[in-house]
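> whatever this is, show me its structure:
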Amino acid sequence: MNKKQNLIKRLILFFVGMSIIQIGVALYLKTNIGSDPFTVFTQGLAFRLNITPGMANMIILFTFFCVILFVGRSHINIGTLICVVGVGPIIDLGIKAVSYFPIESYNIVVRALVVVLGCFIIAVGFAILSASDVGVAPNDIIPFIIQEKTNFQYRWIRMGLDISFLAVGLLLGGVFGIGTIISLLLIGPSIQFCLPHGKKFVNMIIGTEEYEISAQA
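Sure thing, here's the model as predicted:
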């Protein structure tokens with residue numbers, strides 16, 4: 001397979017992974033019982049500016065992208081650009097799709113289970129997106145840039161950013177609740193579980209030598 005075909009397949013898989021993630025985010029938002037810190041931030045900005053969560057996400061990602069251009073442009077890849085222009089519309093489309101189900105009217109137990117489902121969906125999408133290896137969203141680049149500039153451990157930087165996103169989101173009107181706690185507890189383990197499966201899936205689709213060798217074993 002030539003490099004152009006390989007890149008096209010990777011970009012398609014990146015878009016698929018990104019889209020799957022936003023379906024999980026849409027489920028978070030429709031439960032209205034809280035979500036991950038970055039989505040709380042997005043929700044709060046959308047509420048404050050009276051715009052859709054997708055539009056709010058585009059504003060945030062574009063702002064982060066501009067910052068990265070000045071302080072760490074080497075981290076930008078084609079996938080980063082796709083996220084800036086693509087994530088927002090897909091979130092709004094996902095919200096419309098899940099709105100056919102009256103999720104917000106379900107009891108708290110059912111909505112909590114929907115958040116759990118959202119965590120798993122996001123993990124699946126992230127595993128595919130990550131394995132496509134064509135870049136990540138601006139909000140995922142920021143911690144790495146801070147790490148380079150400060151030499152702090154990544155986990156502490158990520159924790160600090162999550163707390164900041166959550167605090168600002170709450171001040172703007174985002175929702176904190178049982179869904180936030182569930183996402184904080186489940187997202188990490190779910191992604192860790194899905195990452196190797198996402199890698200195998202991407203290798204199978206692209207037809208890399210690595211997959212061909214494992215398939216013959």
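> I'd assumed residue 23 was in contact with residue 91.
No. At 9.1 Å, residue 91 does not count as touching residue 23 under the criterion of C-beta atoms under 8 Å. Glycine gets a C-beta too; all of them are placed from N, C-alpha and C.
> between those two, which has more neighbouring residues?
residue 91 (27 against 22; other C-beta atoms under 10 Å).
> number of nearby residues for the closest residue to residue 16 other than its chain neighbours?
Spatial nearest neighbour of residue 16, chain neighbours left out: residue 128 (6.1 Å); criterion: C-beta to C-beta, 6 or more residues apart in numbering. Using other C-beta under 10 Å, residue 128 has 26 neighbouring residues.
> same question for residue 99.
12.
> need the pLDDT of residue 26.
As summarised for this prediction, residue 26 has a pLDDT of 94.
> after whatever helix or strand it lives in, which helix or strand is next?
Using DSSP states H and E, residue 26 sits in helix 3-31. On the C-terminal side of helix 3-31, the nearest following helix or strand under DSSP H and E is helix 37-49.
> ranges for the helices of the chain?
3-31, 37-49, 53-71, 78-98, 108-132, 138-150, 154-172, 178-206, 209-216 (DSSP state H).
> and the fourth one, what does it pack onto?
Right, helix 78-98. Other helices and strands packing on helix 78-98, by 3 or more C-beta pairs under 8 Å, 6 or more residues apart in numbering; DSSP states H and E, are helix 3-31, helix 53-71, helix 138-150.
> now tabulate these in a markdown table and tack on distance to residue 46.
Converted to a markdown table, the helices and strands packed on helix 78-98 look like this (distance: least, C-beta to C-beta, whole Å):
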| stretch | distance to residue 46 |
| --- | --- |
| helix 3-31 | 9 |
| helix 53-71 | 4 |
| helix 138-150 | 16 |
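> would you mind finding the most buried of those helices?
Neighbour counts (mean count of other C-beta atoms under 10 Å) averaged over each of these peak at helix 3-31, with a mean of 20.
> OK, contacts around residue 14?
79, 82, 128, 129, 132, 134, 135 (C-beta atoms under 8 Å, 6 or more residues apart in numbering).
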